[in-house]
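*Asks:* predicted coordinates and the sequence they were generated for:
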Amino acid sequence: MEKILVAGATGMTGKRVVEILNRSQSFKPVALIRKEEQQQLFDDMEVDWIMGDLEDDVSHTVKGIDKVIFAAGSGSHTGPEKTIAVDQEGAKKLVDAASKAKVKKFIMLSSINADEPSQYGNLEHYMKAKAAADEHLRQSGLIYSIIRPGILTDDLGMGKVKLAPKLNEMGEIPRDDVAFLLVMALADPLVRNMTFEAIEGNEPIKSAMIDLGIS
């Protein structure tokens, strides 16, 4: 079983990722946690965890790890300082550590239209941070997938999406489906070295990802 480090494992999307991985026959999740009080959650789930802070040194967190899912974030409504520290520089640190550790693949959770931050007013700093982290990953030499979902909802996932390198439209997508996209992207060569946007749609996730990879 491949060991998958999940950064942002205590977040709303990251928890879903851990749950999917924990039910998998192919992957073993390792939750990246920042506080001791977060240990119990994963102990109860019988999920391995490792302490690490994206604002500090994270090189130890990728030892023995096969692939990484980065679903961490300061939240789009935090100030620029925290956003840069976590979403941008924290992501870059983990990318660099993964590269040095020769991790097989790095999956990045980004945001739709991250390449057009000036459209977003008060959220411009957040989008710029996401875009900078994405570009750092693309230049890292790691095999990667960058997933840029639309507006995240807590609706029940339907397992159907619309994917494209650039959708040129906004839309919503349940966190359940984003988590499944992140896990599906672990499979190689599926969406290998690709950046793509995702909203809810009519095509089953697996076939949408296959179509995207061969288009």
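*Replies:* Cool, the structure landed.
*Asks:* so in the chain, where's the weakest helix or strand by average pLDDT?
*Replies:* helix 80-83 (a mean of 86; mean pLDDT, DSSP states H and E).
*Asks:* could you list every helix and strand in contact with that helix?
*Replies:* helix 124-138 (3 or more CB pairs under 8 Å, 6 or more residues apart in numbering; DSSP states H and E). Using the backbone N, CA and C atoms, a C-beta is placed for each residue, glycine as well.
*Asks:* sorry, back to before: pull the CA atoms of the least confident helix or strand of the chain into PDB?
*Replies:* Output in PDB follows, covering the C-alpha atoms of helix 80-83 (Å, rounded to 0.1, in the frame of the first residue of the first chain):
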ATOM      1  CA  PRO A  80      -2.700  38.200   3.400                       C
ATOM      2  CA  GLU A  81       0.100  37.500   6.000                       C
ATOM      3  CA  LYS A  82      -1.400  34.100   7.000                       C
ATOM      4  CA  THR A  83      -2.400  33.200   3.500                       C
END
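*Asks:* in contact with Thr61, which residues?
*Replies:* Thr61 makes contact with 5, 32, 50, 52, 94, 97, according to CB atoms under 8 Å, 6 or more residues apart in numbering.
*Asks:* what does the least confident helix or strand of the chain contact?
*Replies:* Residues from elsewhere that reach helix 80-83, judged by CB under 8 Å, 6+ apart: 74, 76, 125-126, 129.
*Asks:* apply 10 Å and report the result again.
*Replies:* Residues outside helix 80-83 that contact it (CB atoms under 10 Å, 6 or more residues apart in numbering): 55, 73-77, 88-90, 123-130.
*Asks:* just the buried ones from those residues, in PyMOL syntax?
*Replies:* The PyMOL command for the buried members of the contacts of helix 80-83 (criterion: 16 or more other CB atoms under 10 Å) is given here:
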select buried, resi 73+74+76+88+89+90+125+126+127+128+129+130
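*Asks:* show me the shaky parts of the protein.
*Replies:* Applying pLDDT under 70 to the chain flags residues 75-78, 215.
*Asks:* helices of that one, start to end?
*Replies:* Secondary structure of the chain (DSSP state H): helices at 12-23, 39-44, 80-83, 91-100, 124-138, 175-184, 205-214.
*Asks:* for the fourth one, packing partners?
*Replies:* Here helix 91-100 is seen to pack against strand 2-7, strand 67-70, strand 105-109, helix 124-138 when contacts are counted using 3 or more CB pairs under 10 Å, 6 or more residues apart in numbering; DSSP states H and E.
*Asks:* partners of the second one, with directions?
*Replies:* It refers to strand 67-70. Sheet pairing of strand 67-70 (DSSP bridges) gives strand 2-7 (parallel), strand 105-109 (parallel).
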